[in-house]
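**Q** Need a 3D model of the following:
(2 chains)
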Amino acid sequence: MKSTLKAGLGLRRDFIDEVVQRERVPVDFFEVAPENWVRLGGRYGRQFRQVSERYPIICHGLSLDLGGPRPLDMEMLADFKRFFREHGIRYYSEHLSYCGDEQGHLYDLMPLPFTEEAVHYVAGRIRQVQDFLEMTIAIENISFYALPASELSEIEFVRAVLEEADCRLLLDVNNTYVNAVNHGMYDARDYIAAMPTERIAYLHMAGHYDEAEDLKIDTHGQPVKEDVWDLYAFTLDTHGLQPTLLERDFNIPPLDELLEELNRIRDIQARHD
Amino acid sequence: MTDCDFRTIQRQFTRAIRAQGDYTPPCPAARPIEPRRFAVYRELFLNTVSQFFASLYPLTKEAVGEARWRTLMEAFLAHHGAHTPYFHWLGREFLAFLESDAHVPTDDPPWLIALADWEWQEVAVDIDEAEVPPFEPHQVTLDSVLRRNPTARLCHYDWPVHTFSPGATLSPQPTTLLIWRDGEDETHFAALAPLMAALVEALETPQALRPLFSEIEQGCGQPAEQVFEQARPFLQQLYDQYALCR
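**A** Residues are numbered from 1 along each chain as shown, chains lettered A, B, ... in the order given. The predicted structure follows:
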């Protein structure tokens, strides 16, 4: 991503009024789920246009279903292509995951079985998307609470997909932490260090919920935890300065509170500039 | 047991979520999943749809109550094939489910689908991609050429769903609701009497009012001017509120 895009915030309906009204919100970019804004008319559609005219927007999708059994939704991708062009959007990421089955959409993310076969399947679909959109996309390491198959380790799986699809990585620091705790199969720092620097597009930071000592839930409903801040600093130590997005999807606090949290990202980034 | 591919494992996983049941590995290549971990998914997916639809269908949820709402959500997850990728269109999927064979009405009120339809149409108007034209003041006369606001929808129901209040029962009554979005992006509705419903129906494309009222004159025997005078205040009101435009 461009070097001017350092710290960004997930744009939500909850505070779009304020973003539109304020002269300037101190963010370098906003990230949106296109599935919330594409082909949307009315008040929010109009406000989104106002935001995209004033701030760089990047897209982080939810419904592409890269690992799912149904054919890719080309109609949706055609909508996205138009939307990206209309709003000058140059970056699109998705999840290394699946969110549906033969019956249809399930509207949340499920963990892929980590097998060779799954690598080939997902990588082929990513290539198909990249060819159609005529852009390189990034895929995110998701958080998961169950490991349905582990012919490959998670690290091997992610690296193999990146290589075979020739795509970028959206490295979610909180997910790495959550997965390391939940599965006890690796140290979060080893995982981060094993990711190929040259493929990293940007980072995600978010809060999680402690369901149990060995079960953390990636809710995006709390501020970022201290351990994850430490891991973030480690990530920049390892991979250098990276654009970073703060996600908050539930229990959304006043905008200024989120901007405070974003400042902490900037402070850590400043030490790595 | 012979080994299976990753698709078989995925299918087992989604089936257990849809059935709100337990997950058992389909083959040796699949790892067992601790029940409390699978429970996270089972609950997450039910909560996701339940929260979405509760926010889009608050009256429908109110009408059936918590327990029935939950069984409807379980049936949705188990039987409905949802295909819209967009979250702002997701409400369509619940309505499609209610109208399908997957929805077994049991003790649901007979007007439940009509109520849900009305709730969805309000949301659909709110996010409709059509643009509302700028407002121009205008005195509605028989010589006016009018059309419906491009976001407006005319909805016909067998029940007066707009009179629903928690705990009340509805009696059947043919009902036409006009729903539209104004220039300030606010969504409104109005209940239309049969004559007005027929008029507004005809205004899908720009129409001169005089021929429309002449047709009414032939139908009811009353002079067009007289019928128009009775209808004029309401037409003017619909115009002033953006439901009709030129």
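**Q** Enumerate every residue touching residue B:112.
**A** Residue B:112 is in contact with B:60, B:63, B:64, B:98, B:105, counting by Cβ atoms under 8 Å, 6 or more residues apart in numbering or on different chains. In this view, the C-beta of every residue, glycine as well, is placed from N, C-alpha and C.
**Q** wait, which of those residues is closest to residue B:116?
**A** residue B:60 (4.5 Å; Cβ to Cβ).
**Q** The nearest residue to that closest one once chain neighbours are set aside: neighbouring residues, count only.
**A** Of all residues not flanking residue B:60 in the chain, residue B:116 sits nearest, at 4.5 Å (Cβ to Cβ, 6 or more residues apart in numbering or on different chains). Using other Cβ atoms under 10 Å in any protein chain shown, residue B:116 has 25 other residues around it.
**Q** Residue B:193 too?
**A** When neighbours are defined as other Cβ under 10 Å, residue B:193 has 11 of them.
**Q** Distance of it relative to residue B:200?
**A** 10 Å (Cβ to Cβ, to the nearest Å).
**Q** what's the answer for residue B:55, then?
**A** With distances taken as Cβ to Cβ, residue B:55 is found 30 Å from residue B:200.
**Q** neighbour count winner among these two?
**A** More crowded of residue B:55 and residue B:200, by other Cβ under 10 Å: residue B:200, with 22 against 12.
**Q** would you say the more buried one is within a strand?
**A** No - counting by DSSP: H, G, I helix; E, B strand; the rest coil, residue B:200 is located in no strand; its state is helix.
**Q** which residues touch it?
**A** B:148, B:152, B:154, B:178, B:192, B:238, B:243, B:244.
**Q** Out of the contacts of residue B:112, which is nearest to chain A?
**A** residue B:98 (15.9 Å; Cβ to the nearest Cβ).
**Q** For the stretch 101-250 of chain A, just list every one of the strands.
**A** A:104-110, A:138-140, A:168-172, A:200-205, A:209-212, A:215-217, A:244-246 (DSSP state E, counting those that start in this stretch).
**Q** list the helices and strands the third one packs on?
**A** Applying 3 or more Cβ pairs under 8 Å, 6 or more residues apart in numbering or on different chains; DSSP states H and E, we find strand A:168-172 packed against strand A:138-140, helix A:154-165, strand A:200-205.
**Q** Quick one: the helices in the chain, in order.
**A** Because you didn't say which chain, this covers chain A. A:13-21, A:42-54, A:74-86, A:116-133, A:154-165, A:173-183, A:188-194, A:226-239, A:255-270 (DSSP state H).
**Q** The chain in question should be chain B.
**A** Assigned by DSSP H, chain B shows helices spanning B:6-18, B:35-56, B:58-79, B:91-99, B:112-127, B:194-202, B:209-220, B:224-240.
**Q** Looking at the ones you listed, which is nearest to residue A:260?
**A** Closest among those, using Cβ to Cβ: helix B:35-56, at 27.5 Å.
**Q** in the closest one, what's buried?
**A** B:37-38, B:40-42, B:44-46, B:49-50, B:52-53, B:56 (16 or more other Cβ atoms under 10 Å in any protein chain shown).
**Q** Just the CA trace of stretch A:149-156, in PDB.
**A** Only the C-alpha atoms of stretch A:149-156 are listed here, as PDB (Å, rounded to 0.1, in the frame of the first residue of the first chain):
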ATOM      1  CA  ALA A 149      -7.900 -30.700   9.600                       C
ATOM      2  CA  SER A 150      -4.200 -30.200  10.000                       C
ATOM      3  CA  GLU A 151      -2.400 -32.000   7.200                       C
ATOM      4  CA  LEU A 152      -0.500 -28.700   7.100                       C
ATOM      5  CA  SER A 153       0.200 -26.400   9.900                       C
ATOM      6  CA  GLU A 154      -1.500 -23.000   9.700                       C
ATOM      7  CA  ILE A 155       1.800 -21.300   8.900                       C
ATOM      8  CA  GLU A 156       2.400 -23.700   6.000                       C
END
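**Q** Can you name the residues in contact with that stretch?
**A** Stretch A:149-156 has contacts (Cβ under 8 Å, 6+ apart) with A:113-116, A:119, A:141, A:160, A:179, A:183, A:185-186, A:190-191, A:194, B:6, B:9, B:29-31.
**Q** Which pLDDT value does the model give residue 60?
**A** Looking at chain A here, since you left the chain open. Here, the pLDDT recorded for residue A:60 equals 98.
**Q** ah, no, chain B please
**A** The model's pLDDT for residue B:60 equals 97.
**Q** Worst mean pLDDT among the helices of chain B?
**A** helix B:209-220 (a mean of 87).
**Q** can you give me the offset of it from its chain's centre?
**A** Its chain's C-alpha centre and that of helix B:209-220 lie 32 Å apart, by Cα atoms, centre = their mean, to the nearest Å.
**Q** And for stretch B:184-198?
**A** 15 Å.
**Q** Pull that stretch out as PDB, backbone CA atoms only.
**A** Taking C-alpha atoms only, stretch B:184-198 is exported to PDB below (Å, rounded to 0.1, in the frame of the first residue of the first chain):
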ATOM      1  CA  GLU B 184     -34.100  14.600   3.300                       C
ATOM      2  CA  ASP B 185     -33.700  10.800   3.000                       C
ATOM      3  CA  GLU B 186     -36.500  10.200   5.500                       C
ATOM      4  CA  THR B 187     -38.800   7.300   4.700                       C
ATOM      5  CA  HIS B 188     -42.600   7.700   5.100                       C
ATOM      6  CA  PHE B 189     -45.800   5.700   4.500                       C
ATOM      7  CA  ALA B 190     -49.400   6.600   3.900                       C
ATOM      8  CA  ALA B 191     -52.400   4.300   3.800                       C
ATOM      9  CA  LEU B 192     -54.400   4.900   0.600                       C
ATOM     10  CA  ALA B 193     -58.200   4.500   0.100                       C
ATOM     11  CA  PRO B 194     -59.100   2.500  -3.000                       C
ATOM     12  CA  LEU B 195     -59.700   5.500  -5.300                       C
ATOM     13  CA  MET B 196     -56.400   7.000  -4.300                       C
ATOM     14  CA  ALA B 197     -54.600   3.700  -4.600                       C
ATOM     15  CA  ALA B 198     -55.900   3.300  -8.100                       C
END
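**Q** Please identify the buried residues of that stretch?
**A** When burial is assessed from 16+ other Cβ under 10 Å, stretch B:184-198 yields the following buried residues: B:185, B:187, B:188, B:189, B:190, B:192, B:196, B:197.
**Q** Show me how to select, in ChimeraX, the buried members of the contacts of stretch A:149-156.
**A** To isolate the buried ones among those in ChimeraX, judged by 16+ other Cβ under 10 Å, type:
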select /A:113,114,115,119,141,160,179,183,186,191 /B:6,9,29,30,31
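**Q** The buried residues of helix B:35-56: which ones sit near chain A?
**A** The residues of these that also fall near chain A, by Cβ under 8 Å from any Cβ of the partner chain, are B:37, B:38, B:40, B:41, B:44, B:45, B:49, B:52.
**Q** Just to check, the last one is in contact with residue A:107?
**A** Pointing back at residue B:52 there. Yes - using Cβ atoms under 8 Å, residue B:52 is in contact with residue A:107, at 7.3 Å.
**Q** Not counting sequence-adjacent ones, nearest residue to residue A:68?
**A** Closest to residue A:68 by Cβ to Cβ, 6+ apart is residue A:98, at 4.0 Å.
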